[in-house]
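S.K.: Quick one, structure for this:
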Amino acid sequence: MAQGAYPSKPIRAIVPFSPGGGTDTLARMVFKELSENLGRPIVIDNKPGAGGAIGWAEVARAPADGYTIGLGASTLPPLGEMYDSLPFDPKTAFEFVAPLATVPNVLVASAALPINNLADLRAYGRKTGPLAYGTPGVGTPQHLAGALFARTAGLELRHVPYRGTSNAMTDVLGDHIPLAFVGLPLALQYASGNRIKLLGVATSKRSVLAPDVPTLAEGGLQGYESNYWWDIIAPKGTPPAVLQKLYDATEAVLKRASTQKTLHDAGYEEMLMPRKDYLELLRQEDRKLTQIIRDNNIKLQGSK
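M.R.: Residues are numbered from 1 along each chain as shown. Next comes the predicted model:
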């Protein structure tokens, strides 16, 4: 900060996932507009691998000067619970700068399943025994959503991990598995023609992307909420003035009607809240997910 007003040179943004995927797409949409707001280039550097851990490790060891930032996620703080060891502590290695966008999880059912709502599902599951649910993989937000759902609903569910959400949806469509937790935008693509049943979104209120789809809480699962989101992170120790500048610039971007339309068209909802409220939300989510991970002994590949 002593060398002039921040930022005075290009900013490197580490995206811990592969180019071309949904997370990368979101990062490029937001960082492009953030760059214009800050008046400096933001250069995206994709560092995929190990469920995001490779890229996040690089953010953690970068200089804490505001010129390296990263794309974080709601599953970052409890990540260490799923590995025996990491080169950084996800709970303490970062400054959590600003929320960006969220995608609601939604519980979908095969059209052939003899149920019509959540109450039917709970009765059916208690009668038939364990029901399989598909997700994009072990340790994903959808996996954690399903584990939390099973506990809250009092049902015994069997997790079936797939290599990607589309593969899980294919097996639901084919009635090979009865249930899946997926992102709402993908579920909406298959909802027409009664090809699947949308049992509810896992958010506290209905999504602006699909206001006609009820929440699972409305269906009788009081207190249940399990969506996922992305945020901007920076190395621990980044100056408070820099963090505030980044937060203010991000908030201004997300308030634009044009940005919101771009996000909604791509299947995302903007997240606008004071930074102190966001940090409290992160703490609450970390506690909830940490307990779910421990209770279900969820481990990512490569851990013992």
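S.K.: per-domain residue ranges of this protein.
M.R.: 11-102+228-295, 105-201 (automatic domain parsing).
S.K.: average pLDDT across the longest one?
M.R.: Going back to what we said before, that points to domain 11-102+228-295. For domain 11-102+228-295, the mean per-residue pLDDT is 95.
S.K.: And the domains of the chain: which comes nearest residue 217?
M.R.: With Cβ to Cβ as the criterion, residue 217 lies closest to domain 105-201 of these, at 7.9 Å. (Glycine included, C-beta is placed from N, CA and C.)
S.K.: how about JSON lines for the domains of the chain, with distance to residue 210 added?
M.R.: Below are these laid out as JSON lines (distance: least, Cβ to Cβ, whole Å):
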{"stretch": "domain 11-102+228-295", "distance to residue 210": "10"}
{"stretch": "domain 105-201", "distance to residue 210": "6"}
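S.K.: Of those domains, which is nearest residue 219?
M.R.: Of all those, domain 105-201 comes closest under Cβ to Cβ, at 3.4 Å.
S.K.: State the mean pLDDT of that closest one.
M.R.: The model assigns domain 105-201 a mean pLDDT of 93.
S.K.: re earlier: make a markdown table from the domains of the chain and add mean neighbour count and distance to residue 216 to it.
M.R.: A markdown table is the format used below for those (neighbours: other Cβ atoms under 10 Å; distance: least, Cβ to Cβ, whole Å):
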| stretch | mean neighbour count | distance to residue 216 |
| --- | --- | --- |
| domain 11-102+228-295 | 18 | 15 |
| domain 105-201 | 19 | 4 |
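S.K.: looking at those domains, which is closest to residue 218?
M.R.: That would be domain 105-201 among the domains of the chain, by Cβ to Cβ, at 6.8 Å.
S.K.: So for that closest one, first residue to last residue, what's the gap.
M.R.: With Cα to Cα, to the nearest Å as the measure, domain 105-201 spans 6 Å from end to end.
S.K.: got it, and stretch 251-261?
M.R.: End to end - Cα to Cα - stretch 251-261 spans 15 Å.
S.K.: Any chance you could list what contacts that stretch?
M.R.: With contact meaning Cβ atoms under 8 Å, 6 or more residues apart in numbering, stretch 251-261 is reached by 29-30, 33-34, 37, 98, 100-101, 270-272.
S.K.: Over to stretch 52-65?
M.R.: Contacts of stretch 52-65 (Cβ under 8 Å, 6+ apart): 12, 14-17, 46-49, 68-73, 75-76, 79, 83, 86-88, 90, 93-95, 233-239, 242.
S.K.: In helices, which of those appear?
M.R.: residue 242 (DSSP state H).
S.K.: how about the helices of the stretch 51-200 of the chain, start to end?
M.R.: 53-60, 118-128, 141-153, 165-173, 184-191 (DSSP state H, counting those that start in this stretch).
S.K.: Now do the residue nearest to residue 182 when sequence neighbours are not counted against residue 150, distance only.
M.R.: In this structure, residue 182 finds its nearest non-sequential neighbour in residue 165, 5.0 Å apart by Cβ to Cβ, 6 or more residues apart in numbering. Using Cβ to Cβ, to the nearest Å, residue 165 is found at 19 Å from residue 150.
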